[in-house]
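**Student:** Below is the structure, and that's it, no one-letter string:
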């Protein structure tokens, strides 16, 4: 849509692939997290992790049969967020991959973006992580966990993990994530971390408006 006679769509795709290979969006996201931590402060004592399945109609490296979309091609992303829902780390995989095996890589991705986590961390998880393997991993990392139990109605176990579900909703506002048409796994991760960086910056602006004053500060709570 943005291609012109001076910059074709093929040129744009080549640039995106090049930036994805260099990890540009991960670096931008890390800078956004650093700014947020300096001005507001990340709540790393409470970390929530959850997965989300979206469409991937073109297939590709990160696409698989979606269990919630009649077996059509889908993408799963696993996101770790802080106590307020700031996205810390992201892992992408096929839609038919269970959430539980992605817990370790997701927490590791969060460490890569923000650095070492505090000694006292409580991880909030839904009942998809209710397994001995997940508890063993949490214990091995030296963290505590609040995991919803299977067989108990979800509304009674909402706990503190609702913030990561809200983060997934914010990320799904970007059409490129709701319906991923990219086949290259690195490009898929590029867009995921780019969306995470934008979500982080929007949260920073919104929370900073009540703490700081600057020229051009938004006058309404709704960001445009």
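**Tutor:** Sure, I can see it. The model shown is predicted, which means the values in this text are computed figures rather than measured ones.
**Student:** in stretch 199-213, what counts as buried?
**Tutor:** 199-201, 203-204, 207-209 (16 or more other Cβ atoms under 10 Å). Where C-beta positions appear, they are placed from N, C-alpha and C, glycine not excepted.
**Student:** same thing with stretch 11-20?
**Tutor:** Neighbour-count burial for stretch 11-20 [16+ other Cβ under 10 Å]: 16, 19-20.
**Student:** re the thing from before, nearest to residue 109 among the buried residues of stretch 199-213?
**Tutor:** Residue 109 has its nearest neighbour among the buried residues of stretch 199-213 in residue 200, at 14.4 Å by Cβ to Cβ.
**Student:** That closest one is in contact with residue 31, isn't it?
**Tutor:** No. With contact defined as Cβ atoms under 8 Å, residue 200 does not count as touching residue 31 (9.5 Å).
**Student:** Now do stretch 82-98, average pLDDT.
**Tutor:** On average, the pLDDT along stretch 82-98 is 96.
**Student:** What is the end-to-end distance of that stretch?
**Tutor:** 22 Å (Cα to Cα, to the nearest Å).
**Student:** quick thing: my sequence starts at 32, can you match it?
**Tutor:** All set: I'll call the first residue 32, so the last point we hit is now stretch 113-129.
**Student:** Mind checking what secondary structure residue 81 has?
**Tutor:** strand (DSSP: H, G, I helix; E, B strand; the rest coil).
**Student:** which ones are touching the residue lying closest to it once chain neighbours are set aside?
**Tutor:** Excluding the flanking residues, the one nearest residue 81 by Cβ to Cβ, 6 or more residues apart in numbering is residue 195, at 4.6 Å. With contacts defined as Cβ atoms under 8 Å, 6 or more residues apart in numbering, residue 195 is in contact with 79-81, 110-112, 116, 155.
**Student:** what's the spacing between residue 195 and residue 130?
**Tutor:** As defined by Cβ to Cβ, to the nearest Å, residue 195 lies at a distance of 12 Å from residue 130.
**Student:** you'd agree the residue nearest to residue 81 is in a helix?
**Tutor:** Yes. Assessed with three-state DSSP, residue 195 lies in a helix.
**Student:** Read off the pLDDT value for it.
**Tutor:** 95.
**Student:** Equivalent analysis for residue 253, please.
**Tutor:** 66.
**Student:** now swap in residue 37 and tell me
**Tutor:** Residue 37 is assigned a pLDDT of 82 by the prediction.
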